[in-house]
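Novice: I need the structure of the sequence given here:
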Amino acid sequence: MSERIDRFCENLRVKLTSVESDIAAIRERLNASVDSAQVEILKRRDAVATKVTAAKGELADARAAVADWTDAQKATTTEMVDEWKASANTKLLSKRADVAEAYASATMTIAMEALDEANLAALDAWLARADADEAAKAVSA
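Specialist: Okay, here's the model as predicted:
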């Protein structure tokens with residue numbers, strides 16, 4: 001399990017660093033040239049949108065795994081687990097651990113995809129603000 005968490009943490013760090021890097025690069029380009037920045041943001045937005053779309057199936061699978069875990073949690077009582085421990089029922093305890101690890105992995109997947117969707121939303125927001133600012137400039141000119 002620790003290996004999965006380590007992988008998740010590393011993937012999360014890489015994604016956050018990537019998002020931060022993208023935003024920093026966008027700010028630099030914005031300061032240099034709004035027009036070229038908008039072209040770059042459109043490219044990045046399209047790339048992120050493609051990634052989000054491609055991950056829909058994996059996201060659905062992750063949500064299904066979360067639902068499976070929830071059902072397993074409802075069916076498994078503390079007394080049952082205590083009984084399995086007392087009788088050293090490694091088969092049931094191992095199955096419970098496998099389901100919990102699948103749940104953790106699924107929630108990690110959902111979190112990673114949420115970051116991608118947040119990145120997409122931020123890019124869409126930037127583009128919308130650029131449109132509004134451009135229209136405001138045209139009106140005041």
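Novice: roughly how far is the lowest-mean-pLDDT helix or strand in the chain from the heart of the chain?
Specialist: When each helix and strand of the chain is scored by mean pLDDT, DSSP states H and E, helix 2-32 comes last, with a mean of 82. Mean-position distance between helix 2-32 and its chain equals 12 Å (CA atoms, centre = their mean, to the nearest Å).
Novice: which residues does Asp22 contact?
Specialist: 44, 119 (CB atoms under 8 Å, 6 or more residues apart in numbering). (Each C-beta comes from the backbone N, C-alpha and C, glycine too.)
Novice: Direction-wise, compare the helix or strand following the least confident helix or strand of the chain with helix 2-32 and give the angle.
Specialist: Sequence-wise, the next helix or strand downstream of helix 2-32 (DSSP states H and E) is helix 34-54. When axes from the mean of the first three to the mean of the last three CA atoms, to 10 degrees is applied, the directions of helix 34-54 and helix 2-32 differ by 160 degrees.
Novice: secondary structure class for Ala88?
Specialist: coil (DSSP: H, G, I helix; E, B strand; the rest coil).
Novice: Pull out the buried residues from the least confident helix or strand of the chain.
Specialist: 8, 19, 22, 26, 29-30 (16 or more other CB atoms under 10 Å).
Novice: Let's have these in a markdown table, adding distance to Gly57.
Specialist: Putting the buried residues of helix 2-32 into a markdown table (distance: CB to CB, whole Å) gives the following:
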| residue | distance to Gly57 |
| --- | --- |
| Phe8 | 20 |
| Val19 | 23 |
| Asp22 | 25 |
| Ile26 | 29 |
| Arg29 | 33 |
| Leu30 | 35 |
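Novice: closest to Met108 among these?
Specialist: Distance to Met108 across the buried residues of helix 2-32 (CB to CB) is lowest for Phe8, with 4.1 Å.
Novice: so what's the closest one closest to, chain neighbours aside?
Specialist: The shortest distance from Phe8 to any non-neighbouring residue, by CB to CB, 6 or more residues apart in numbering, is to Met108 (4.1 Å).
Novice: what's the angle between the helix or strand hosting Asp133 and helix 34-54?
Specialist: Secondary structure from DSSP H and E places Asp133 in helix 90-140. Comparing the axes of helix 90-140 and helix 34-54 via the same axes, to 10 degrees yields an angle of 150 degrees.
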